[in-house]
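Novice: fold the following.
(chains A, B and C)
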Amino acid sequence: MGAFRIEEADRPHILRLLIVWVILSAIGIVGVLQINYPPYDQSIQGQDQASTLKLLTALATPVFIAVVMMVVYSAIYFRRTTKELVDGPPMLGNTPVQIAWVAISAILVLFLAVVGIATLSSENVAQLVGAPGRTIGGGQTGSGTTGEENKEIHVQVIAQQWYFTYRYPDYGGVETTHLYLPVNHPVELHVTSLDIIHSFWAYQLGVKADANPGVDNIFHVTPQKTGSFQVRCSELCGLWHGHMVDSEGQVVNQSDFDTWIAQQQKDFETIASAVPSYAPYYFPLPLVKGS
Amino acid sequence: MIRRLSWVAAGVVVVVVALVAFVGLFMLRQPGPLEGTTTTLHLETVAAVGQALEWPRPNDPHPDWVGYLPTTTWTVPANSTIQVQIDQEDGATGLRNPFWGKVFGTEGGNMHVTFFDDKGNPQEGDMTSIDPTQAAHTFAIPDLGVFVPLLGVNANAPAGSTNVITFSFKTKGPGRYRWQCFVPCAAKTIFGNGGPMQTIGYMGGTVIVV
Amino acid sequence: MVSPARVSERRLSIPNNPITGILLAIPGYFVGVWLGTLFGLADDQNTGVILGYVFATVLFLAGVGFLNYPLERLFGWRVTPISDPDENRGIGRFFRLSLDHKVIGIQYLVTILVMLLFGGIGAMLIRTSLLVPDSSITPAGNYLPLIGLHSVMMIFITSAVIVGPFGNYLVPLMIGARRMAFPRLEALSFWVVPPAAVILAASILWGGFQTGWTGYPPLSEQAGQGMDSYIVGFGLIAVALVTSGVNMLATIIGLRAPGMTWTRLPIFVWGIFTTSILGLLAAPVLAAALMMLALDRTVNTAFFMASNGGSNYLWENLFWFFGHPEVYIFILPAFGIIMEIVPHFARKPLWGYRTGVVGLFGVALLSWFVWQHHLFVSGIAPVLRPFYMLSTELISIPTGIIFLVTLGTLWRARVWFTVPMLFCLGFLFNFLIGGISGVYLSDVPTDVTLHGSYFSMAHFHYTIMGGEIFALMAAAYYWLPKMTGKMLSPTIGRIHFWVMFIAFNSTFFPLFLAGLLNMPRRVPTYDPALVGLNRWVTISAYFLFASMVLFAGNLIYSWFFVSRPALANPWHARSLEWQVPTPVPARNFDRVPVIVAGPYDYGIPNARPVADLGGIVGATGGG
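Specialist: Okay, here's the model as predicted:
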């Protein structure tokens, strides 16, 4: 291995590259930090995701600039200047440089992994990515915060070909066609499907959970700002997959929510007896016409 | 030289013809819309499109598929009230999600149904929901919030009977809205949602609001 | 050895060519359909189609001539030698079963380019549909079959586009062998590709399949007969991957010329080596999963149906256990190409050769441990996510080694900017973006928004198209002078490169933004706010297609209309494949060469030429 020596011929190149890299990276990082990253801040989990996105972009910028700069620099300064084909210097490798490169990339990647894992195990995002209870037949809920005002609400998202409906077990299992959530309450989403695989993606809330038949997929979200959000299906589910959009999801304040859910319960009474009682998942019949 | 040129030219012609056929297959096969923009829709739902009463399609590639007739693409004006009459000739299959037994999004929140009771006698009345196990099909435009279950013809009704369901709904701004059925009425497919349920021209289509 | 007197004089006398194959395949299809109807369940329409395709393919292969040797041996007939490579130099040999690896390479090249044309047209139709935010251009029912066809056709293409043409043509030349280890297997790996493509295209007749290339059940069980094309076509590609993998590994391990030690092996051959390991081990998993899907669709087994006791997670895991190594099958040959071409144009040794090889093996090894990153939001046990996030992020370390080696080779070089070199630099730029976007997707919190959106689509197009296809272009411009004997026009080549590079980035970079802005994949409709972005992307895509047309034009022009033949070594490269004359002799080398130096010994004073082509006196050589 030996001492790390920089050859005389390399020094001007390295100096130029370093200066340009530092300047461009500084500009780049400042620039990317100004961007407002999705999924913005309508929910706590969305905000955490947005800051992770910001961190990733800020780290990616100097890496991107470094490699592109090396390629462009080589194209400018290391081109062939003679008419005849002349060989370049016979450099077979430089062990310290190789070790340094691998070490730096390893550190960068491990740092990202550690940050990611830490984010995953932080309370808010642990709830995002699902506590145990996903098992079939389990239905054990995750660790919710239990304050009196901020009681955890359970909402079941039922995906079917090709629409999402929602059930509120805390309110008598009422089924609704749109998703309304009260602000500042932790919500435990139970996502399931009646037929094939769909995926519930509430963009502004930063939630995406696949809906599988016979599976209760549990994700958590805590909305922190009122406003509307859009729900899209993001797992190919057949002809109307692209049309499986609900633009009328709403996060509302407590009183509006209470009014809305009371109205939904009233409307539900006409059909309540025909709808099966709330369960973690359903295997409804009929399977085919006539059965 | 000429020989090579002619080989290349022949190759290019073959390729272009193949491509045009390919493009045509995917872009140009549109199921035809109803003539003109209308505020009244008169539709028929049948168990097999080859044997429909009003608009039979014996030369259909799938004569044994369920379907909405005469077409599944309609053009309607924006911000208007659209009257719909559906002649429902199919027997009941039942809803996968019984929630869709309720009527949503129509004017007055209900529909007017002419049907046959268990003794085979004709009945009629306004309904806000039906027994989900007696649904034959649904008419749903989810983006307009319209979901209407269509009652199946009773097994004790005389042969060739039709239930007539009428309702109306309001359109909003211009656009293309998909509509579908929520009853798993595609025989022999998993969950009943294959085949005609996933083919435009049978149990799903487009409402073009102009 | 049977004495000649006892061998029967009977021999098969049907001419063996694809026409015979097609003529046998058509009745074979109907036999299969009839058998399926006979033995299938009452309401089942899929057994017939699947059996029909299988019979058609087998009879096609029989018509082409694959059953000749087994049947002749079985019945003791005289064995008809298949196209002795020393004779028969006519153009007909490209249309028949040939055991010459060079012919197979050209057959692969032309077939895959034709398939690429159709896949590309599919892409243009998709982008045209997306000019409007509703489905007014392409009817809603036609969009999903269209993307299914485009994506699966492209998967078939990219599985084989480098290993097929260039691996087959060049690996024996690069290692000093006169043939491949198992020529019939290699020919088989080619001859299943046209049936696979035809079967895939035939899915249109049934209305296509709605699942895209991932084929998730229960949707894939709900789909009509178009899905059976996917099952059989993909299964044939799995066969191609396995047979090609076996053959490449045996050739590289066993048929290297004397003196071709592992440390003198061209890095392209290392790339093919690692790819073949992955292909050999991963493809059987796909075949098993497809078999289970076929059984579910035909005889009502319940592998993937939760309502009958199965689980859709089984498919997801099996598919992605294959699918993740599959994408490394796409890119490892591309890494090999870039690291191969750059030293010859930088006129410098490959910097960090052993590190580069370690990088290739690192990628290949780690690719087995990351597949669950496709399932982060699917509802897998939360405890799995940190592990797979870590493993996926770790895979960027060996990938970074590839960049290290290439950038080190460019350092203080005397770069000769030919068209292949331009494509290598384009690769570096594109794969950098592709790789960095992969890190975004590997991070679970960000993956929640990005999974299944256009961000992931832009990521894989950057890595596969920006990576592998750019490497394909570099390889084409570099090696076609040897393979066809004609230089591709450098003027058209430069225009091709710049149009392709700019159009490619203009097409796919905005799609990262589309994904961040709430546009899921595989949708014919989207939020009207994204119309401007989609229209920009579509126009750029038209330019990208135009650049590919330029490439096709360059190929046709140079192949058919340029009369001046290329030099035997136009790039003055050191590696072994350039030391043979153009056109390459039937047996590659007159005598088995003895390798005395590495292929990248540029700038080394008194470096010996890479091989002594006089060979070992008295050696008969392989095969």
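Novice: looking at the chain, which helix or strand is least sure?
Specialist: Answering for chain A, as no chain was given. helix A:123-128 (a mean of 46; mean pLDDT, DSSP states H and E).
Novice: the chain in question should be chain C.
Specialist: Result, chain C / mean pLDDT, DSSP H and E: strand C:611-612, a mean of 82.
Novice: hmm, back to that, what's downstream of the least confident helix or strand of chain A, the next helix or strand?
Specialist: strand A:153-160 (DSSP states H and E).
Novice: near chain C at all, that following strand?
Specialist: No - Strand A:153-160 lies out of reach of chain C by Cβ under 8 Å from any Cβ of the partner chain, never closer than 12.3 Å. Where C-beta positions appear, they are placed from N, C-alpha and C, glycine not excepted.
Novice: after that strand comes which helix or strand?
Specialist: Using DSSP H and E, the first helix or strand after strand A:153-160 is strand A:163-168.
Novice: residues from chain B in reach of chain C?
Specialist: Checking chain B against chain C by Cβ under 8 Å from any Cβ, the hits are B:1, B:4-5, B:7-8, B:15, B:19, B:22-23, B:25-27, B:29-31, B:175-176, B:178, B:188-191, B:193-195, B:198-201, B:206.
Novice: measure stretch C:158-175 end to end?
Specialist: 24 Å (Cα to Cα, to the nearest Å).
Novice: any idea how far it is from the chain center?
Specialist: Remark: stretch C:158-175 is offset 10 Å from the chain centroid, using Cα atoms, centre = their mean, to the nearest Å.
Novice: likewise stretch C:124-134?
Specialist: For stretch C:124-134 - counting by Cα atoms, centre = their mean - the centre lies 27 Å from the chain centre.
Novice: now swap in stretch C:436-452 and tell me
Specialist: On Cα atoms, centre = their mean, the centre of stretch C:436-452 falls 26 Å from the chain's centre.
Novice: how long is it end to end?
Specialist: End to end - Cα to Cα - stretch C:436-452 spans 17 Å.
Novice: how about that stretch and chain A, any contact?
Specialist: Yes - using Cβ under 8 Å from any Cβ, stretch C:436-452 reaches chain A at C:436, C:439-440, C:443-446, C:448-449, C:451-452.
Novice: drop anything exposed from those residues.
Specialist: C:436, C:439-440, C:443-446, C:448-449, C:451-452 (16 or more other Cβ atoms under 10 Å in any protein chain shown).
Novice: for chain B, state which of these is nearest.
Specialist: Of all these, chain B sits closest to C:Gly452, with 20.0 Å by Cβ to the nearest Cβ.
Novice: and the helix or strand bottoming out on mean pLDDT in chain B, what other elements does it pack with?
Specialist: Here the helix or strand of chain B ranked lowest by mean pLDDT, DSSP H and E is strand B:33-37, holding a mean of 74. Using 3 or more Cβ pairs under 8 Å, 6 or more residues apart in numbering or on different chains; DSSP states H and E as the contact test, the elements touching strand B:33-37 are strand B:73-76.
Novice: part of a strand, is A:Gln230?
Specialist: Yes - assessed by DSSP: H, G, I helix; E, B strand; the rest coil, A:Gln230 belongs to a strand.
Novice: test my guess that it contacts A:Asp246.
Specialist: Yes - with contact defined as Cβ atoms under 8 Å, A:Gln230 reaches A:Asp246; the gap is 7.1 Å.
Novice: who has more neighbours out of those two?
Specialist: Per other Cβ atoms under 10 Å in any protein chain shown, whichever of A:Gln230 and A:Asp246 has more neighbours is A:Asp246, with 21 against 16.
Novice: for the more buried one, what are its contacts?
Specialist: A:163-164, A:178-179, A:230-232 (Cβ atoms under 8 Å, 6 or more residues apart in numbering or on different chains).
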